[in-house]
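Enquirer: just the structure for this:
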Amino acid sequence: MSLPARQDSPAPAYRHQPLRVACVQYDVKLGRVEENARRVEEMTSGIQSGSIDLLVLPEMALSGYMFQTPASILPYLEPQRIGTTSLLARSLARRIGCHVVAGYPESLEVPTVTEGGKTAGEGGTDVEEEGEGVGWNSAVLIGPSGEVLGNYRKTFRFETDKNWAKEGDGFTHFDLPEPLGRVAIGICMDMNPKDFIAPWDAFELATYCKHNDVDILVVPMNWLDPPAEPPNIAPELDPESPSEHNLNYWAARLTPLHDPVPGYNTPTPSSETASGGREVVFVACNRIGTEEGSKFVGTSCVMTVSSKPSRIDLVEVCNMSEERVLIATVT
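Expert: Residues are numbered from 1 along each chain as shown. Prediction:
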């Protein structure tokens with residue numbers, strides 16, 4: 001599936017002004033929360049107030065991702081609203097005057113450590129023995145004045161998440177002022193078939209967006225460079241280019257939004273393009289670098305996806321290795 005450079009296309013009727021999106025793609029350092037927060041502040045310091053509508057940080061943007069046990073992530077779990085990531089996101093939202101989405105490890109409760117070093121929850125329950133998780137892999141949504149507008153918990157857990165995180169409550173969306181409209185948030189593995197065993201053509205997240213008239217799908221990520229299946233050898237990739245494989249994969253997982261087969265909802269007049277189809281903006285904010293031997297593939301991007309005519313336009317994209325604040329304007 002080819003992803004041509006964006007050409008002029010009809011904007012949805014509801015969007016009376018351009019949508020301006022920024023994604024912070026950077027090399028998150030595992031467990032170095034304060035250092036990571038400073039890096040995000042440095043990278044976003046040049047964004048002028050009022051110049052963007054939406055700023056997105058990666059999945060678990062300040063903590064890093066590769067935690068192997070509940071005990072290893074306990075020091076980095078954050079409460080809603082007042083955790084380090086939420087406070088940073090609220091500060092950025094107020095300074096820039098925009099909405100912010102940022103991934104973080106959300107605390108289930110305040111665990112304690114029992115004799116012998118085991119982690120325990122409320123009432124002394126042994127969390128590790130329960131195997132039910134000590135928190136959630138979450139994303140916070142902040143409004144321009146710094147208020148917390150919502151919180152989303154990852155629905156489909158990757159293997160690493162299952163080491164410590166509970167399953168979320170299911171997909172959801174938030175109705176925001178123009179030019180954002182109805183925004184759904186997914187987190188990384190939510191783009192895949194559940195547990196990689198659900199039917200490919202269930203397209204769970206994209207189908208949710210289709211059936212709920214979503215205008216923007218925002219996906220913070222820790223997306224890995226997948227190994228080649230034996231006996232194949234992984235091709236040498238150009239770190240100065242985006243991952244075409246992953247762009248095409250994400251586009252394929254958005255099939256319900258650009259392939260108008262029978263059974264899909266009929267777009268409402270307020271959500272149609274001038275040509276009669278719906279346009280959905282897809283925002284993927286990934287990270288770069290290597291963590292515990294796992295390499296992240298960058299390629300943060302903004303795409304527009306429409307069903308009539310059926311098309312995908314790549315508005316802006318990062319390469320696989322750069323630290324960069326991607327800025328994209330959707331007209």
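Enquirer: list the residues that contact the most centrally placed residue in the chain.
Expert: Centroid-nearest residue in the chain: Pro220, 1.7 Å away (criterion: C-alpha atoms, centre = their mean). With contact taken as C-beta atoms under 8 Å, 6 or more residues apart in numbering, Pro220 is in contact with 56-59, 61, 101-103, 139, 185, 187-188, 285. Where C-beta positions appear, they are placed from N, C-alpha and C, glycine not excepted.
Enquirer: at 10 Å what do you get?
Expert: Counting by C-beta atoms under 10 Å, 6 or more residues apart in numbering, Pro220 touches 23, 56-61, 101-104, 137-139, 152, 154, 185-188, 190, 283-287, 300.
Enquirer: same thing with Val21?
Expert: So, once contact is read as C-beta under 10 Å, 6+ apart, Val21 ends up touching 52-56, 98-99, 180, 216, 218, 281, 283, 285, 302, 315-316, 326-330.
Enquirer: which SSE is it in?
Expert: Using DSSP states H and E, Val21 maps to strand 19-25.
Enquirer: go through that strand and flag the buried ones.
Expert: By neighbour count with 16 or more other C-beta atoms under 10 Å, strand 19-25 contains the buried residues 19-25.
Enquirer: how about the helices in the chain?
Expert: 33-44, 70-73, 84-96, 127-130, 204-211, 244-253, 255-258 (DSSP state H).
Enquirer: could I get these as JSON lines with mean pLDDT, mean neighbour count and distance to Ser307?
Expert: Below are the helices of the chain laid out as JSON lines (pLDDT from 0 to 100; neighbours: other C-beta atoms under 10 Å; distance: least, C-beta to C-beta, whole Å):
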{"stretch": "helix 33-44", "mean pLDDT": "98", "mean neighbour count": "16", "distance to Ser307": "34"}
{"stretch": "helix 70-73", "mean pLDDT": "97", "mean neighbour count": "20", "distance to Ser307": "40"}
{"stretch": "helix 84-96", "mean pLDDT": "98", "mean neighbour count": "21", "distance to Ser307": "32"}
{"stretch": "helix 127-130", "mean pLDDT": "46", "mean neighbour count": "15", "distance to Ser307": "44"}
{"stretch": "helix 204-211", "mean pLDDT": "97", "mean neighbour count": "21", "distance to Ser307": "8"}
{"stretch": "helix 244-253", "mean pLDDT": "95", "mean neighbour count": "18", "distance to Ser307": "13"}
{"stretch": "helix 255-258", "mean pLDDT": "95", "mean neighbour count": "24", "distance to Ser307": "6"}
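Enquirer: so which of those helices is nearest Ala165?
Expert: helix 70-73 (8.4 Å; C-beta to C-beta).
Enquirer: can you find the helix or strand in this structure with the smallest mean pLDDT?
Expert: Ranking every helix and strand in the chain by mean pLDDT, DSSP states H and E puts helix 127-130 at the bottom, with a mean of 46.
Enquirer: mind showing which ranges of the stretch 51-200 of the chain have poor pLDDT?
Expert: Residues of the stretch 51-200 of the chain that meet the criterion pLDDT under 70 lie in 109-131.
Enquirer: with adjacent residues omitted, what lies nearest to Val302?
Expert: Ala328 (3.9 Å; C-beta to C-beta, 6 or more residues apart in numbering).
Enquirer: show me what the one you found is bridged to.
Expert: Val21 (DSSP bridges).
Enquirer: ok, back up a step: which residues does the residue nearest to the centre of the chain bridge with?
Expert: Going by DSSP bridges, Pro220 forms beta bridges with Cys285.
Enquirer: pLDDT score for it?
Expert: On the pLDDT scale, Pro220 is placed at 98.
Enquirer: quick one: it from Ile187, how far?
Expert: 6 Å (C-beta to C-beta, to the nearest Å).
Enquirer: now the contacts of Val21: which count as buried?
Expert: Buried among the contacts of Val21 by 16+ other C-beta under 10 Å: 52-56, 98-99, 180, 216, 218, 281, 283, 285, 302, 315-316, 326, 328, 330.
Enquirer: from memory Pro193 sits against Tyr249, does it?
Expert: No - applying C-beta atoms under 10 Å as the test, Pro193 and Tyr249 come out as separate, 11.8 Å apart.
Enquirer: joint contacts of those two?
Expert: Counting by C-beta under 10 Å, 6+ apart, nothing touches both Pro193 and Tyr249.
Enquirer: residues contacting Leu30?
Expert: Each residue near Leu30 by C-beta under 10 Å, 6+ apart is listed here: 36, 60, 63-67, 72, 76, 289, 291-292.
Enquirer: one more time with 6 Å, if that's ok
Expert: Residues near Leu30 by C-beta atoms under 6 Å, 6 or more residues apart in numbering: 64, 291.
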